[in-house]
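>>> Just a sequence and a predicted model for now, questions to come.
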Amino acid sequence: MPDSVLVDLPAPAVPGAVTESARQGDAPIGVLALQGDFREHADVLRALGAEVVLVRRPEELARVGGLVIPGGESSVMDKLARMFGLFEPLRAAVQDGLPVYGTCAGLIMLADTVLDGIAGQQSIGGLDIIVRRNAFGSQAASFETDLQVAVLSGAPMHAAFIRAPVVERVGPAATALARLADGRCVAVEQGNLLGTSFHPEITGDYRFHEYFLRRVAAAALRR
Amino acid sequence: MTETTSPEQVGSSRVKRGLAEMLKGGVIMDVVTAAQARIAEDAGAVAVMALERVPADIRSQGGVARMSDPDLIDSIRAEVNIPVMAKARIGHFVEAQILQALEVDYIDESEVLSPADYVNHIDKWNFTIPFVCGATNLGEALRRITEGAAMIRSKGEAGTGDVSEATKHIRTIKGEIARLSSLGKDELYVAAKELQAPYELVAEIAATGKLPVVLFTAGGVATPADAAMMMQLGADGVFVGSGIFKSGNPEQRAAAIVKAVTFFDDAKIIADVSRGLGEAMVGINVTDIPAPHRLATRGW
């Protein structure tokens, strides 16, 4: 069988600070589980020593000290979040400083402005960015490439872009963390919010998740 | 596609299988017009399957069922922003080439259409676009994965509104995977022979306890309860074919099935979304092909 995707996942790179964080922040890490690859994120976070709660209801969100919004269909997550009374609690949690990491659809959910959304699509917001949904076109254009990420030590990050969004404009409050060779921004942070166009949860490189968990730990200490 | 100067790889197994990962926990809906695609997207479908006739109509009208007209597929692609899938006949690699040229997001090599080759399936490794294929048991699933399928759906019996075959197929696949996990290494060689699948793939599944690709279920799902049952049986998501647009109130039923798939383990929510959905698709037993005049009253 050509082109197997069965890769050996690298061992977590000395997650000392991360393990510590899982202890210090008593609250578990939530993964928004309305739709998408939430199980993959939950598996990564557990492998890094975090306690994980799947979040589909406001009372589950209230328990967590950090939240991951997975890859999936952003329009569906938005719709379900609004139908089941989770949208406003999510927005309030972000405004209250909850650390949140969004991948792909999750990045779209965190963007203040979304281009090419479906009719009536809303975002939680928080990141001072303009995101274009599905910026590369159809699945034929989905790709893998290596990215230099300044805030992550070590080798370039191998990244999978699947019908991925792109950050078309990084506002003054946000910081670009990674760009494609053509300059387009695909990873950003702002305060306690982190977003990537790509999916570290399916490529076996956990450094963004570790980076996020350190932020969760720091936020827990401040509270 | 916009080019960048860094080495990029398109069409890898990871991005093919990865798109299916992103569809998990979602509902993929059959649509035959742009207007239906609009309803599906508004209701929360994660993707739509663009085709000329839903399986119930293919079943009742008979004749050779083929790939849809490219104009129809284009009109549906133009209407929605969610992924668009389309069906090619089993073994019809030129239909698949056409669908790739049309830039659909996924190709369903589907038994709902008339097979073009009763021996060979499409060599799916030759394509940049990922394929989903049907399976009734684990051996069939593994043979499709060996040919390059990036997603599997249990087949069920399309166009009937009878979920019993879907139940049988997902239970069979899950049961066979569980059995593999219980076998010793020396027994896996015989298991591979019996499954008519490559040993390496069989050994991998015995070790991981799951398929290396996403497993949806399909064929006969007509109610929120049907969809939630498939999820509780271990499906990653659900295809709904005739069940939505052959029902009395497609908008409401589509949205209800979406909610039932997300909250598949919450009977109270499933009860709530099941209220007042109006006429379900008129059920027919898998052994009982309906008279055409009954079907005429179903659609819109």
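Nice, thanks for sending it over.
>>> Output the contacting helices and strands for the helix ranked longest in chain A.
What stands out as the longest helix in chain A, according to DSSP state H, is helix A:207-222. Counting contacts by 3 or more C-beta pairs under 8 Å, 6 or more residues apart in numbering or on different chains; DSSP states H and E, helix A:207-222 packs against helix A:16-24, helix A:38-47, strand A:66-69, strand A:100-103, strand A:193-196. C-beta: built from backbone N, CA, C; applies to glycine.
>>> What ranges in the stretch 51-200 of chain B fall below the confidence cut-off?
For the stretch 51-200 of chain B, applying pLDDT under 70 flags no range at all.
>>> same thing but at 90, please
B:52-65, B:112-114, B:155-162, B:165 (pLDDT under 90).
>>> same check, this time on chain A
Residues of chain A that meet the cut-off, pLDDT under 90, sit at A:1-26, A:118-120, A:150, A:153-154, A:221-223.
>>> And the strands in it?
Secondary structure of chain A (DSSP state E): strands at A:29-32, A:52-55, A:66-69, A:100-103, A:111-115, A:127-132, A:143-147, A:157-161, A:166-170, A:175-179, A:185-190, A:193-196.
>>> So for B:M230, which of those strands sits nearest?
strand A:52-55 (19.0 Å; C-beta to C-beta).
>>> tell me which strands and helices that closest one is in contact with?
Here strand A:52-55 touches strand A:29-32, helix A:38-47, helix A:58-61, going by 3+ C-beta pairs under 8 Å, 6+ apart.
>>> That strand - which strands sit beside it in the sheet, and in what orientation?
Sheet pairing for strand A:52-55, assigned by DSSP bridges, gives strand A:29-32 (parallel).
>>> coming back round to it: buried deepest among the helices and strands packed on strand A:52-55, which one?
For the helices and strands packed on strand A:52-55, the largest average neighbour count (mean count of other C-beta atoms under 10 Å in any protein chain shown) is found in strand A:29-32, namely a mean of 28.
>>> Give me the contacts around that one.
Contact with strand A:29-32 is made by A:38, A:41-42, A:45, A:50-56, A:60-61, A:63-70, A:77, A:81, A:90, A:106, A:213, A:216, as judged by C-beta atoms under 8 Å, 6 or more residues apart in numbering or on different chains.
>>> can I have that strand written out in CSV, keeping just the CAs?
What follows is strand A:29-32, C-alpha atoms only, in CSV (Å, rounded to 0.1, in the frame of the first residue of the first chain):
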residue,chain,number,x,y,z
ILE,A,29,-9.1,20.8,29.8
GLY,A,30,-12.3,20.9,27.6
VAL,A,31,-12.5,19.8,24.0
LEU,A,32,-15.6,21.2,22.2
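>>> how far out from the middle of the chain is that strand?
In terms of C-alpha atoms, centre = their mean, to the nearest Å, the centre of strand A:29-32 is set 10 Å apart from its chain centre.
>>> Surely A:V52 and A:L45 touch.
Yes. Using C-beta atoms under 8 Å, A:V52 makes contact with A:L45 at a distance of 5.1 Å.
>>> can you pull the buried residues of the longest helix of chain A?
Neighbour-count burial for helix A:207-222, counted by 16 or more other C-beta atoms under 10 Å in any protein chain shown, picks out A:207-217, A:219-220.
>>> do the same with stretch B:232-248
Here stretch B:232-248 shows B:233, B:235-247 as buried, counting by 16+ other C-beta under 10 Å.
>>> tell me the helices in chain B, going along the chain?
Going by DSSP H, chain B shows helices at B:13-23, B:34-43, B:55-61, B:70-79, B:93-101, B:138-146, B:164-181, B:185-195, B:199-208, B:224-232, B:242-245, B:250-262, B:267-274, B:292-295.
>>> deepest of these, which one?
It is helix B:242-245: most buried of the helices of chain B by mean count of other C-beta under 10 Å, with a mean of 29.
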